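1. no sequence on this one, just coordinates:
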């Protein structure tokens, strides 16, 4: 495919070739331009603006005090305790959600790769959590499941206790007692189907004859999994982890809805902390600086992501 | 396969494939593991089932401890929602999602064409530029976008969301459409060109049939992401242009908690995506992985 752009071997004399080649080049580029221009304007310019704003002391509650302060907002970002907590929370939240949902997703994908009664229906039901609107899912977990008085969790505990003759089950305020696990569980519930779908696609792309050969050679199921399936799945796992990380790092809906970052700042992640700085403290400069730091962090993740995706991509191109 | 002439061989092929599958293509799950698979499935589906079930209950039956799953069913909550005016929010969501999806397609299809069928030089670099914009966290753009939109007097305007959602989904759409267009057989394209077919003919007769399912999948993904978007919607709209997720969050704080009605609202706003997602499960995988996984 890449060879298409190479000049033809029997090129006409340069004097006559040049103009039409230039024209055809632009004919090829033209369909690309609207999207490229639009993307640059809408996504790159705001980032430049963020960079500029991050060098100002700018609180909207103190008009007239806007001034250039250089990098001092960044000093603030790196020394502020709330922000450090937010960075830590973001890492804990993202890592646990992505890792747990990849492991669960892998388990489910392995099961759904086999034939069993109602496999199609099971698959359909399993992807439902991913399709429920994230805000709706967050509200559902907060009110219908975690609620101490009438949530499904305590309600079920209660019913079980009564079944065994006790009067009532314990009343646990899940969100206050376990804020971070509460957010993590709801996000794992949403993201496991995503991982399952990608890994299932990977499993089904596995060449059957290799597995057959392994079986004929008498390899155990565990050995086959470790030495054949897992290496084959590696790219798919990486893709799932990276795409999941990109989305989960940005989690805003769940934190905003389930815990409002609380109690205290126990579940405040970076996006939510930046939102608070912007719309509660009105410290635009600090918010922008924090935003720049988030972007830099994301670039680190993105570098790995691009490498992984590039390897998948090369395979496709070379095919 | 919808073509009448190919139905018979298609069916025969399917039967053949199924027979091979039965003879040991994919191994069967043992009864014990089948039980585990179904248990896990039901555990994941339970919150959704609970949401839908509760939405058909009266408030008094919804907020009970222990839960009462077998209470009488009613449509009251849905009636209440529509009488409390969820409609404008749904319309805003529909408008933002549908128009931005159409815009994305209008921009992404020519781009994907330029990146796959007649690739420009350094086309992989262009692809990675588009993708890299997805790695910029949206929160970092929120402040400048907010300030610009405020200065332009475009706060609380659906068109603001439409522009942002278009930018949000365009890179994904370019990647997906490219992967679908890359499947158009090169030999046929070349043959058509040799035969002197002009561009519209080539697009309509050769590219379109191959790319149509891809176009549908791309639209679906863009629609899902726009329909579900919350952060821009909640921070850039107030009353006139708010979308369904903003309605969901807003009506809790303003009216206290009505669990059954909340579940009805949550079910209602999730319904379009649930239906579309169930209908196009296979396409979903490819879309979610940016077309990298088939």
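-> Right, received. Where do you want to start? Note that the coordinates shown come from a computational prediction; the quantities given were computed from them, not determined experimentally.
2. Residue 220: neighbour count?
-> Chain wasn't specified; assuming chain A. If you count neighbours by other CB atoms under 10 Å in any protein chain shown, residue A:220 ends up with 10. Backbone N, C-alpha and C define where each C-beta goes, glycine included.
3. Chain B is the one I meant
-> Neighbours of residue B:220 (other CB under 10 Å): 20.
4. One more: residue A:124?
-> Using other CB under 10 Å, residue A:124 has 16 neighbouring residues.
5. correct me, but it touches residue B:278?
-> Yes - taking CB atoms under 8 Å as the definition, residue A:124 is a contact partner of residue B:278 at 5.6 Å.
6. And the helix or strand containing residue A:309, what's buried?
-> In the assignment (DSSP states H and E), residue A:309 maps to helix A:284-318. For helix A:284-318, burial by neighbour count (16 or more other CB atoms under 10 Å in any protein chain shown) applies to A:284-295, A:297-298, A:302, A:305-306, A:308-309, A:312-313.
7. restrict the residues you listed to contacts with chain B.
-> Among the buried residues of helix A:284-318, the ones lying near chain B by CB under 8 Å from any CB of the partner chain are A:284, A:287-288, A:291-292, A:294-295, A:298, A:302, A:305-306, A:309, A:312-313.
8. possible to save the residues you listed as JSON lines with pLDDT and distance to residue A:159?
-> Below are those laid out as JSON lines (pLDDT from 0 to 100; distance: CB to CB, whole Å):
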{"residue": "A:284", "pLDDT": "88", "distance to residue A:159": "51"}
{"residue": "A:287", "pLDDT": "88", "distance to residue A:159": "47"}
{"residue": "A:288", "pLDDT": "89", "distance to residue A:159": "51"}
{"residue": "A:291", "pLDDT": "88", "distance to residue A:159": "47"}
{"residue": "A:292", "pLDDT": "88", "distance to residue A:159": "51"}
{"residue": "A:294", "pLDDT": "84", "distance to residue A:159": "44"}
{"residue": "A:295", "pLDDT": "85", "distance to residue A:159": "49"}
{"residue": "A:298", "pLDDT": "80", "distance to residue A:159": "45"}
{"residue": "A:302", "pLDDT": "76", "distance to residue A:159": "47"}
{"residue": "A:305", "pLDDT": "73", "distance to residue A:159": "45"}
{"residue": "A:306", "pLDDT": "74", "distance to residue A:159": "50"}
{"residue": "A:309", "pLDDT": "72", "distance to residue A:159": "47"}
{"residue": "A:312", "pLDDT": "68", "distance to residue A:159": "48"}
{"residue": "A:313", "pLDDT": "64", "distance to residue A:159": "52"}
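9. Max pairwise distance over these: which two?
-> Greatest spacing in those, by CB to CB: A:284 and A:312 (39.7 Å).
10. residue boundaries of the strands in the chain?
-> With no chain named, the answer covers chain A. A:56-57, A:67-68 (DSSP state E).
11. other SSEs contacting the first one?
-> Looking back up the chat, that one is strand A:56-57. Judged by 3 or more CB pairs under 8 Å, 6 or more residues apart in numbering or on different chains; DSSP states H and E, strand A:56-57 is in contact with strand A:67-68, helix A:72-79, helix A:284-318.
12. From the structure, what's the count of residues near residue B:99?
-> 18.
13. again, but for residue B:174
-> Using other CB under 10 Å, residue B:174 has 30 other residues around it.
14. Hmm, residue B:109 and it touching each other?
-> No - with contacts counted by CB under 8 Å, residue B:174 stays clear of residue B:109, the gap being 9.2 Å.
15. ok, back up a step: save the helices and strands packed on strand A:56-57 as CSV, and put in distance to residue A:96 too.
-> Output for these, formatted as CSV (distance: least, CB to CB, whole Å):
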stretch, distance to residue A:96
strand A:67-68, 40
helix A:72-79, 24
helix A:284-318, 16
